[in-house]
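Enquirer: Predicted model and sequence follow; I will ask about them next.
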Amino acid sequence: MALDKNQIAQRIAQELEHNMYVNLGIGIPTLVANYIPKGIDIEFQSENGLLGMGPFPFEGEEDPDMINAGKQTITTMPGAALFDSATSFAMIRGRHVQLTVLGAMEVSENGDIANWKIPGKMVKGMGGAMDLVASADNIIVAMMHTNRQGESKILKKCTLPITGVNCIKKVVTNLAVLEVTKDGFKLLERAPGVSVEEVIAATQAELIIEGNILEMQF
Amino acid sequence: MINKVIHTVEEAIAGVESNMTFMVGGFGLSGIPENCIAALSKKEIFGLTCISNNAGVDDFGLGLLLKRKQIKKMISSYVGENAEFERQMLSGELEVDLIPQGSLAERCRAGGAGIPAFFTPAGFGTEVAEGKEVREYNGKPHILESALTADFAFIKAWKGDTAGNLIYKGTARNFNPLMAMAGKITVAEVEELVPAGELDPNQIHTPGIFVQRILQGEKYEKRIEQRTVRKRE
């Protein structure tokens, strides 16, 4: 069975380490916050100017002056800090934020990512994505393995305008966990009940497959 | 003490003319200068170049100016919430310069800080880097980005004093302190205006030197774009 979006987030949460500063993008990445492993302390950075982001507020306690990068109402955790956008991106560009999780439309085997524009159709802008992918030491992409037409989003070369070059480290999809190595995508794990052949069939890029590929553990 | 207080929104936007460049603070609808935007949207001013992280929504914030086609060019990082914006952009009626959010923030900061340009890794190898100088630092390519300034900067703070000192609240701070520095004329509107001396100097976010006019906003709608809540246990 391929994973659903929550399970993708749950698998990515296993990559979190104690005392990490993490920036989560919009969409599946946001769900990662629901699956922080027990005993691990994480601080979430929201690039509109908040470190120590908490859960959504209780009904009736929404504050228009307290939102996340997706413009959703949120709360702060004890020990949170607020700052302006230049300071926020100093944290990102200066590599103080240790892990970035973001969605993508396409990724390629040299570590490129495309997630901000479909020429002539969808032009919403890159927001903070280009700053994030240009500087983060560790970038994990959370996405479905194929698009709505069933075509692979894991490519030899991106076809859409790219957001950053040679930057992503890992990809977690509904079918597999892939690592980006200097030789291309290496298959690390497969979704429970999904065969290696099924992952290969759904992937346009070449996969490096060494030994027995285990199922993801939850 | 230099008194920066003005009493009407008309005085706040006095001097804004067609074809000028202006900055507007805020992230989404949080921390936007609602009163100044509404006043600008009622004036016969067109051909504006607007620097703002976002473009409002169809019927609020900068969406009001877009609807009347007062804006010729937008310089932003994300414009996804405004359908009219997307229509004008795709049809070519509106010129749009999309730039990475961190570069936008730093370009405003640099503009206000007297730094004409800087190198950043953001955008290297993408459309954003086209035509820009590339230099390698610490083994990594960076692109040259120039500073931004504006004829006017319209910003919003929570509290301010008559000397123009400002304090922001929550995530409504965002681009406001940076744009305050980068405007030739910076107009700050605040929810609460107090006499100089009442704010603790230790707590000031934007020193009054960056602010030319300060206005107590008449009213604030402070619209929420995405109302997300959790159930009580």
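Expert: Done, it's in.
Enquirer: What are the boundaries of the helices in chain A?
Expert: Ranges of helices within chain A are A:5-13, A:28-31, A:85-93, A:129-135, A:196-201, based on DSSP state H.
Enquirer: is chain B contacted by the second one?
Expert: No - for a cut-off given as Cβ under 8 Å from any Cβ of the partner chain, helix A:28-31 has no contacts with chain B; the smallest distance is 10.1 Å. No exception for glycine: its C-beta is placed from N, CA and C like everyone else's.
Enquirer: what's that helix packed up against?
Expert: Secondary-structure packing of helix A:28-31 (3 or more Cβ pairs under 8 Å, 6 or more residues apart in numbering or on different chains; DSSP states H and E): helix A:5-13.
Enquirer: and residue A:92, how many neighbours does it have?
Expert: Other residues within reach of residue A:92, judged by other Cβ atoms under 10 Å in any protein chain shown, total 24.
Enquirer: so it touches residue A:46, yeah?
Expert: No - here residue A:92 does not reach residue A:46: they are 11.1 Å apart, not a contact under Cβ atoms under 8 Å.
Enquirer: so where is the chain shaky, pLDDT-wise?
Expert: If you meant another chain, say so; for now it's chain A. For chain A, no stretch is flagged by pLDDT under 70.
Enquirer: Give me the nearest residue to the residue located most distally from the centre of it, chain neighbours excluded.
Expert: Distance from the centre of chain A peaks at residue A:60, with 30.7 Å (Cα atoms, centre = their mean). Among residues not flanking residue A:60 along the chain, residue B:229 sits closest, at 8.0 Å (Cβ to Cβ, 6 or more residues apart in numbering or on different chains).
Enquirer: so the one you found sits right up against residue A:72, yeah?
Expert: No - look at residue B:229 against residue A:72 with Cβ under 8 Å: they stay out of range, at 9.6 Å.
Enquirer: what sits in contact with each of those two?
Expert: Each of residue A:56 lies in contact with both residue B:229 and residue A:72 under the rule Cβ atoms under 8 Å, 6 or more residues apart in numbering or on different chains.
Enquirer: Those two: who's more crowded?
Expert: Just comparing residue B:229 and residue A:72: by other Cβ under 10 Å the higher neighbour count belongs to residue A:72, 21 against 15.
Enquirer: Run through the bridge partners of the more buried one.
Expert: Using DSSP bridges, the bridge partners assigned to residue A:72 are residue B:226.
Enquirer: circling back to that earlier point, which neighbours do residue A:92 and residue A:46 share?
Expert: Residues touching both residue A:92 and residue A:46 (Cβ under 8 Å, 6+ apart) are residue A:23.
Enquirer: show me what contacts the closest residue in space to residue A:54 that isn't next to it in sequence?
Expert: Nearest residue to residue A:54, sequence neighbours excluded (Cβ to Cβ, 6+ apart): residue A:75, at 3.9 Å. Residues near residue A:75 by Cβ under 8 Å, 6+ apart: A:53, A:54, A:55, A:56, A:57, A:61, A:66.
Enquirer: Apply the buried test to the residues you listed and list what passes.
Expert: Listed as buried from those are A:53, A:54, A:56, A:57, A:66; burial here means 16 or more other Cβ atoms under 10 Å in any protein chain shown.
Enquirer: Could you identify the most distant pair in those residues?
Expert: Using Cβ to Cβ, the two most remote members of the buried ones among the contacts of residue A:75 are A:53 and A:57, lying 11.8 Å apart.
Enquirer: Pull up the overlap in contacts between those two.
Expert: Listed contacts common to residue A:53 and residue A:57 are A:74, A:75; contacts here mean Cβ under 8 Å, 6+ apart.
Enquirer: Break down chain B into its helices, ranges please.
Expert: Assigned by DSSP H, the helices in chain B fall at B:9-12, B:34-40, B:63-67, B:83-90, B:101-113, B:176-182.
Enquirer: so which of those is the most packed in?
Expert: Mean neighbour count (mean count of other Cβ atoms under 10 Å in any protein chain shown) peaks for helix B:176-182 among the helices of chain B, with a mean of 29.
Enquirer: tell me the mean pLDDT for that helix?
Expert: Mean per-residue pLDDT for helix B:176-182: 98.
Enquirer: any idea how far residue B:199 is from residue B:205?
Expert: 10 Å (Cβ to Cβ, to the nearest Å).
Enquirer: any common contacting residues for those two?
Expert: Common contact partners of residue B:199 and residue B:205 (Cβ under 8 Å, 6+ apart): residue B:167.
Enquirer: picking up where we left off before, switch the contacts of residue A:75 over to a markdown table, and while doing so, append distance to residue A:26 to every line.
Expert: Shown next, in a markdown table, are the contacts of residue A:75 (distance: Cβ to Cβ, whole Å):
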| residue | distance to residue A:26 |
| --- | --- |
| A:53 | 13 |
| A:54 | 17 |
| A:55 | 16 |
| A:56 | 15 |
| A:57 | 19 |
| A:61 | 23 |
| A:66 | 17 |
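Enquirer: And the furthest pair within the residues you listed?
Expert: A:53 and A:61 (15.3 Å).
Enquirer: can you give me the offset of the helix or strand of chain B with the lowest mean pLDDT from its chain's centre?
Expert: Least confident helix or strand of chain B, by mean pLDDT, DSSP states H and E, is helix B:83-90 with a mean of 86. Chain-centre distance of helix B:83-90: 20 Å, with Cα atoms, centre = their mean, to the nearest Å.
Enquirer: How about stretch A:82-89?
Expert: Mean-position distance between stretch A:82-89 and its chain equals 21 Å (Cα atoms, centre = their mean).
Enquirer: could you dump stretch A:99-110 to PDB, C-alpha only?
Expert: Provided in PDB are the C-alpha atoms of stretch A:99-110 (Å, rounded to 0.1, in the frame of the first residue of the first chain):
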ATOM      1  CA  LEU A  99      16.600  21.100   8.500                       C
ATOM      2  CA  THR A 100      14.200  22.200   5.800                       C
ATOM      3  CA  VAL A 101      11.300  20.000   4.700                       C
ATOM      4  CA  LEU A 102       9.400  21.200   1.600                       C
ATOM      5  CA  GLY A 103       7.200  20.000  -1.200                       C
ATOM      6  CA  ALA A 104       8.100  19.800  -4.800                       C
ATOM      7  CA  MET A 105       6.600  19.400  -8.300                       C
ATOM      8  CA  GLU A 106       9.800  17.800  -9.600                       C
ATOM      9  CA  VAL A 107      13.200  16.700  -8.400                       C
ATOM     10  CA  SER A 108      16.200  15.500 -10.400                       C
ATOM     11  CA  GLU A 109      19.000  13.100  -9.800                       C
ATOM     12  CA  ASN A 110      21.600  15.800  -9.400                       C
END
